[in-house]
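Student: Turn this into a structure:
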Amino acid sequence: MDLSTTGCRCIIRDPRGSIVYIDTDKNLAMLCKFPGVKKQALLHGFVRNISKSKKKIDLGMMFTKETPEESFKLVSWYISTIENYVKALG
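Tutor: I've put the predicted structure just below:
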């Protein structure tokens, strides 16, 4: 839903209702796929805030230094690409 160089907000959905228990201040690692990029980015962080229901989790995660430098570069590249696109639209 939202991405910056310091963290992200995402929604995890499971229509079967078997969402794994996650709580704030817990460490989390996830893989993120960016459009046009074959390799997934590994993002490490800790959960800052969370909203849960039976079939989805909405969480905010702050990235930590365990995130590989290559993943930080991918995030920065993606944000820059989107910003440039928006500027070009006028």
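
Student: from here on, contacts and neighbour counts on C-alpha atoms
Tutor: Noted.

Student: Partner strands of the longest strand seen in the chain and their direction?
Tutor: Counting residues, the longest strand found in the chain (DSSP state E) is strand 41-52. For strand 41-52, the pairing partners within the sheet under DSSP bridges are strand 27-32 (antiparallel), strand 56-63 (antiparallel).

Student: If you count neighbours, what's buried in the longest one?
Tutor: What it means is strand 56-63. By neighbour count on 16 or more other C-alpha atoms under 10 Å, the buried set for strand 56-63 is Lys56, Ile57, Leu59, Gly60, Met61, Met62, Phe63.

Student: Surely Cys10 and Gly60 touch.
Tutor: Yes. Cys10 is within contact range of Gly60, at 6.6 Å (criterion: C-alpha atoms under 8 Å).

Student: so where is the chain shaky, pLDDT-wise?
Tutor: Applying pLDDT under 70 to the chain flags no residue at all.

Student: now what about the longest strand of the chain, what contacts it?
Tutor: 7, 23-34, 57-68, 70-71, 74 (C-alpha atoms under 8 Å, 6 or more residues apart in numbering).

Student: still on that earlier bit, as JSON lines, the strands paired with strand 41-52 with distance to Met1 would be great.
Tutor: As requested, the strands paired with strand 41-52 are exported to JSON lines (distance: least, C-alpha to C-alpha, whole Å):
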{"stretch": "strand 27-32", "distance to Met1": "12"}
{"stretch": "strand 56-63", "distance to Met1": "9"}
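
Student: Compare those strands and give me the one nearest Ile19.
Tutor: Across the strands paired with strand 41-52, Ile19 has its closest neighbour in strand 56-63 (6.7 Å, C-alpha to C-alpha).

Student: Going C-terminal from that closest one, what's the next secondary structure element?
Tutor: Downstream of strand 56-63, the next assigned helix or strand under DSSP states H and E is helix 69-89.

Student: helices or strands up against that following helix?
Tutor: In terms of contacts (3 or more C-alpha pairs under 8 Å, 6 or more residues apart in numbering; DSSP states H and E), helix 69-89 is packed against strand 41-52.
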